[in-house]
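Colleague: here you go, sequence then predicted model.
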Amino acid sequence: MMIIRPLMASDADALLNLAYKAGVGFTSLPADPNHIAGKITASLSAFNSEVDFTTEQSYVFVMEDTHTNTVVGICGIESSIGLSSPWYSYRIGTLVHSSRELKVHNSFPTLYLSNDQTACAEVCTLFLDPDYRHSKNGQLLSKSRFLFLAQFAHRFEAKIIAEMRGVSDENGQSPFWDGLGAHFFDMPFADADHLTGLGKKEFIAQLMPRHPLYINLLPKAARDVIGEVHGNTLPARKMLEDEGFRYQGYVDIFDAGPTLETQVNDIRAVRESKNYLVKIEDHIPIGTVPYLISNTLLDGYRCTMVYIKVPESGPLCISSELASNLHVTALDTVRLVPLFSQHTSA
Amino acid sequence: MLIVRPIKKDDTKTFNNFAAAAGVGHTNLPNNPVQLAQKINHSELSFAASVDHAGEEGYTFVMEDTLTHQLVGTCTADATVGLSEPYYTYRIDQVTHSSSDLAINNRVPALHMSHDYTGASRLSSFYIEPDYRCDFYDQLLSKSRLLFMTCFPERFSATTIAEIKGVIDENGISPFWEGVGRHFFTMDFAKADLLTTSSNKHFITNLMPRYPLYVPLLNQQAQDVIGQHHDDAEDIVNILEHEGIHLEGHVDIFDAGPILEARTRLIRTIRHAEQTQAVMGDEVVQGKRVLVCNNSCVDFRCILARKQSDALVLSKAQLEGLQVAAGNTLTYCHL
C-alpha cells in the first residue's frame, strides 16, 4: 500500500536518493544534504507550530511503499509565499493604444513584473520515483495534499497557486529565457533555474527588466511559450485544472510557465470531501471507484487511495489493514473524496 | 555665385520639387503643396517678425545660383520645437541591472519616450541638388543658418538640435519602424511620417508605447539602425559634427535616425564668427574660405568668399549679392 505521511527526520537519506533520481531538472529538490536537512527542519516545525500567517510554513509529505518501507515520492504545501523573500511573477496585462481620429485601436498584451501572489498558499515540490509512475500513484501523491488542505484549511491562505514548469527543449534551453532573461544577465537558463531552486530567485529578479514588456516585441519563439507548460507537465496541468485550478495570466519570470490559481475552498477534492466515522470489518466489498482517504491528524497525517463502497449515510467500513495504515481505530474520523471528479475521467 | 537667402512665395514651385526629391523620411519637408505653402508663409512671417525671445518662428532658407537664377537647395532653422504640439524623441538610457551576490553588472540600453528637447531650436529640412553637393556648397547652405543664428541670438534657444534622416531602404521601408512602430501604429512608415506633419501630433501620444523599450529585446534589424543616419545624410552629419553638434543619445521615434545636439553658443561657427566692415576690391581668389553674411534679418544674404589679409575684401558682385555697400558691417566665419 502507498501511504502519504509527513516528512520525518529519519527520511534524510531516502530523500537524498530521491533527489539524485530527480536530477538537475527538478530544482526544488537539489541533491544537497544541507538543503535536505533544512527542508526537514522546516517541515517538522510547520507541523508542530501554531497557526501563524506572518511566517511561511512549509509542509512536506512523502509517499512510502509499505511493502518495502521505501520513500518513493515527495510533495509539499506552503502556507504562504513571498513573506521572507519577494515572490516574483509576470502578470500579463492589456494595454490599449487607440486613436479615434486615425481609427486605430490596438490592444497589446504586456508583461508586468509583479508580486501579486505574495501571501498565497502554494502546492509545490512534487516528485514521484519513475518506477512508481503507475496505478494512479501520481494522482494520489498530488491530491493527498487536498485532503490535508480540507482538514486544515485554517493553516493556509485562502488563495492557492501552483507553478507549472514552462517549455524547455531536451538541452535545457528555454525559448522564453533566450528571448528575454538571457539579455539581462549572461547566464544559461539551467544556471538561473538552479539558483531559483536554492531560493535565490530574488537575486535574479533584481536583474530582470523593471519596465513592462510589450509581448509583441519579443521574438516569436519566446512569445509562443508564454503560459505554456513543458510537454511532461501537461498531465499535471490537466489534473490541477480538473480540480479547479485556473491560469489567470501569471507566468514564471524565467521560463514563462503558467501559474495556476484557485481558492482552497474551490478545489474539487476539498469541496467534495466528507468526514466519516470508521467501522472496521473483516470482509470489505471492493468498490469500482478509487477514493482518497485520510485521517484527520496533523503531524500524524496519513493518506492513501482505496477502491471502496461508500454508504449513503452512517459509518464507513474499512479493513483493519487500512485502518492500521491510516492510524485510525473504530469510531475515529476519516476524510474521503473520490480520486477523480465525477465529471472527468481518469 | 551661390547666395543663401530667405525663402519667398515665388520659390514655391522649386520648393515643391525639392520636397518630392527629398523623399520619405524627410519629415519636415513633406511632399504636400499645402503644407509647403504654409511653411513658406510661416517663414516669411518669421523673418519679418519683431522677436525678443524664441517663439514658434521657423526660418526657411534657399540657395540660389545667380548664374542660372535657379534654386539649388533649402534648409530650415526653427526657433523652437514642442511648444504648440508635443515634440517626441527616444532617449537612450542605460539601465543598470546589478547583483553583487551573483557578481553580475549589466548595462542594458532602453529607449525612453521623451520631451527633453521641448523648447530647443532645430536645424532641419536640409536638401541640396545632387549637382551642387560639392565645392563647399553644402557647407554654405547648412552653415548659413548658423551665421543667421549668430546675428540674431535672441531668436533662438540655448540648445540647438538637428534631426538627421535615419536608415530607410529604397522602398521606403524603415527597419526600425518595422521592428517597433508598426506594432503600435499598424500602418506604413510613409503614412505615419505623413501624419506627423499633416495632423496634430497627439495621435503619437495615443499610439506609441508608453513604457521604455529594452533595446536588446528588439529585433536585430531594428537594433542595428538605432542612431544610424541615412547614406544621403553622410555629408550633412559630417558638417554638423564638425560644428560640435553631436549625438547625445536621442533618436527619432519613427526611424531612429540620430538627433544631434549642441549648446547653441558653443557651435563652432557661432563661437568663432566675427564682425567686420566690408572692403571693396577685386575678388580674392586665394586664401581661406569664409562664410559671409549681411546683418539683415528679413533681407538676410549669405555667400562663400575668401579672405587673405586682415581685411575682408569683397568684389562689387559679392557686395551686391550680399545687398551691402562698402563699409557696412558684415559677419563672417572661416569654414
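Modeller: Right, received. Where do you want to start? Since this is a predicted model, take the numbers as computed values, not measurements.
Colleague: what number of residues lie near the residue in the stretch 1-150 of chain B that chain A sits nearest to?
Modeller: Closest approach between the stretch 1-150 of chain B and chain A, counting by CB to the nearest CB: B:His97, at 4.4 Å. From N, CA and C alone the C-beta is placed, and that goes for glycine too. Number of residues near B:His97 (other CB atoms under 10 Å in any protein chain shown) recorded here: 17.
Colleague: again with B:His250
Modeller: 23.
Colleague: please identify the helix or strand for it.
Modeller: strand B:246-251 (DSSP states H and E).
Colleague: give me the next element, helix or strand, following that strand.
Modeller: Counting by DSSP H and E, what follows strand B:246-251 is strand B:258-263.
Colleague: got a list of contacts for that next one?
Modeller: For strand B:258-263, the surrounding residues in contact (CB atoms under 8 Å, 6 or more residues apart in numbering or on different chains) are B:89, B:117, B:120, B:158-164, B:166, B:227-229, B:237, B:240-241, B:243-248, B:250-252.
Colleague: sitting in helices, which of these do you find?
Modeller: Residues of the contacts of strand B:258-263 located in helices (DSSP state H): B:237, B:240-241.
Colleague: pop the domain breakdown of the chain in here.
Modeller: Chain wasn't specified; assuming chain A. A:2-88+A:115-268, A:272-338 (automatic domain parsing).
Colleague: my bad, chain B
Modeller: If you go by automatic domain parsing, chain B breaks into B:2-92+B:112-271, B:273-335.
Colleague: so which of the domains of chain A is nearest chain B?
Modeller: Once the domains of chain A are compared by CB to the nearest CB, domain A:2-88+A:115-268 is nearest, at 3.9 Å.
Colleague: please see if that closest one touches chain B.
Modeller: Yes - Domain A:2-88+A:115-268 lies within reach of chain B by CB under 8 Å from any CB of the partner chain, at A:179-180, A:183-187, A:195, A:200, A:203-204, A:206-214, A:216-219.
Colleague: okay, buried residues for stretch A:159-169 please.
Modeller: A:159-168 (16 or more other CB atoms under 10 Å in any protein chain shown).
Colleague: what mean pLDDT does that stretch get?
Modeller: Averaging pLDDT along stretch A:159-169 gives 93.
Colleague: next structured bit after the strand or helix carrying the residue of the stretch 1-150 of chain B closest to chain A?
Modeller: Using DSSP H and E, B:His97 sits in strand B:89-99. Downstream of strand B:89-99, the next assigned helix or strand under DSSP H and E is strand B:104-114.
Colleague: low-confidence bits of the chain, can you list those?
Modeller: By default, I'm working from chain A. A:24-25, A:197-205, A:343-346 (pLDDT under 70).
Colleague: actually, chain B is the one I wanted.
Modeller: B:24-27, B:197-201.
Colleague: got the residues of it near chain A?
Modeller: B:95, B:97-99, B:101-102, B:104, B:106, B:108, B:110, B:179-180, B:183-187, B:195, B:199, B:203, B:206-214, B:216-219.
Colleague: circling back: neighbour-wise, which of the ones in helices among the contacts of strand B:258-263 leads?
Modeller: B:Leu240 (26 neighbours).
Colleague: got the contact list for that one?
Modeller: So B:Leu240 contacts B:123, B:142, B:162, B:164, B:260 (CB under 8 Å, 6+ apart).
Colleague: and the helices in the stretch 151-300 of chain B?
Modeller: For the stretch 151-300 of chain B, applying DSSP state H, counting those that start in this stretch gives helices covering B:175-176, B:182-185, B:189-198, B:202-207, B:220-224, B:234-242, B:268-272.
Colleague: quick one: contacts of the last one?
Modeller: Residues from elsewhere that reach helix B:268-272 (CB under 8 Å, 6+ apart): B:143, B:146-147, B:149-150, B:153, B:242-244, B:264-265, B:291, B:333-334.
Colleague: list the buried residues of it.
Modeller: Counting neighbours by 16+ other CB under 10 Å, helix B:268-272 gives B:268-270 as buried.
Colleague: also stretch B:241-248?
Modeller: B:243-245, B:247-248.
Colleague: also stretch B:45-54?
Modeller: Within stretch B:45-54, the residues scored as buried using 16+ other CB under 10 Å are B:46-47, B:51, B:54.
Colleague: same check, this time on stretch A:219-226
Modeller: A:219, A:222-223, A:225-226.
Colleague: returning to what we had before: out of the domains of chain A, flag the one nearest B:Arg301.
Modeller: Closest to B:Arg301 of the domains of chain A is domain A:2-88+A:115-268 (CB to CB; 50.1 Å).
Colleague: quick check: end-to-end length of that closest one?
Modeller: 22 Å (CA to CA, to the nearest Å).
Colleague: wait, what's in contact with the residue in the stretch 1-150 of chain A that chain B sits nearest to?
Modeller: Closest to chain B within the stretch 1-150 of chain A is A:Ser99: 4.3 Å, counting by CB to the nearest CB. Residues counted as contacts of A:Ser99 (CB under 8 Å, 6+ apart) are A:105, B:203, B:206-207.
Colleague: with A:Pro315 instead?
Modeller: Counting by CB under 8 Å, 6+ apart, A:Pro315 has contacts A:276-279, A:331.
Colleague: from the residues you listed, which land in helices?
Modeller: Going by DSSP H, the helices hold none of those.
Colleague: can I have the buried ones of these as a PyMOL selection?
Modeller: Only the buried members of the contacts of A:Pro315 enter the following PyMOL selection, criterion being 16+ other CB under 10 Å:
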select buried, chain A and resi 276+278
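Colleague: output the contacting helices and strands for the strand holding B:His250.
Modeller: Counting contacts by 3 or more CB pairs under 8 Å, 6 or more residues apart in numbering or on different chains; DSSP states H and E, strand B:246-251 packs against strand B:89-99, strand B:258-263.
Colleague: and the shortest one, what's buried?
Modeller: This means strand B:258-263. Neighbour count says strand B:258-263 has B:258-262 buried, by 16+ other CB under 10 Å.
Colleague: what's the closest of those to A:Gly172?
Modeller: Closest to A:Gly172, out of all of those and judged by CB to CB, is B:Pro258, at 40.9 Å.
Colleague: greatest separation within the buried residues of stretch B:241-248: which pair is it?
Modeller: It's B:Glu243 and B:Glu248 that sit farthest apart of the buried residues of stretch B:241-248, by CB to CB, at 14.2 Å.
Colleague: ok so, going back, ramachandran angles for the residue of the stretch 1-150 of chain A closest to chain B?
Modeller: Reported as degrees, to the nearest 10, the phi and psi values for A:Ser99 are phi -140, psi 110.
Colleague: B:Phe184 versus that one, what's the distance?
Modeller: Distance, A:Ser99 to B:Phe184, using CB to CB, to the nearest Å: 10 Å.
Colleague: pretty sure A:Ile81 is touching A:Ser58, no?
Modeller: No - contact criterion CB atoms under 8 Å: A:Ile81 and A:Ser58 do not qualify, at 9.7 Å.
Colleague: residues in contact with the residue nearest to B:Ile267 when sequence neighbours are not counted?
Modeller: Nearest in space to B:Ile267, with sequence neighbours left out and distances taken as CB to CB, 6 or more residues apart in numbering or on different chains, is B:Glu243 at 5.1 Å. Neighbour list for B:Glu243: B:143, B:146, B:262, B:267-269 [criterion: CB under 8 Å, 6+ apart].
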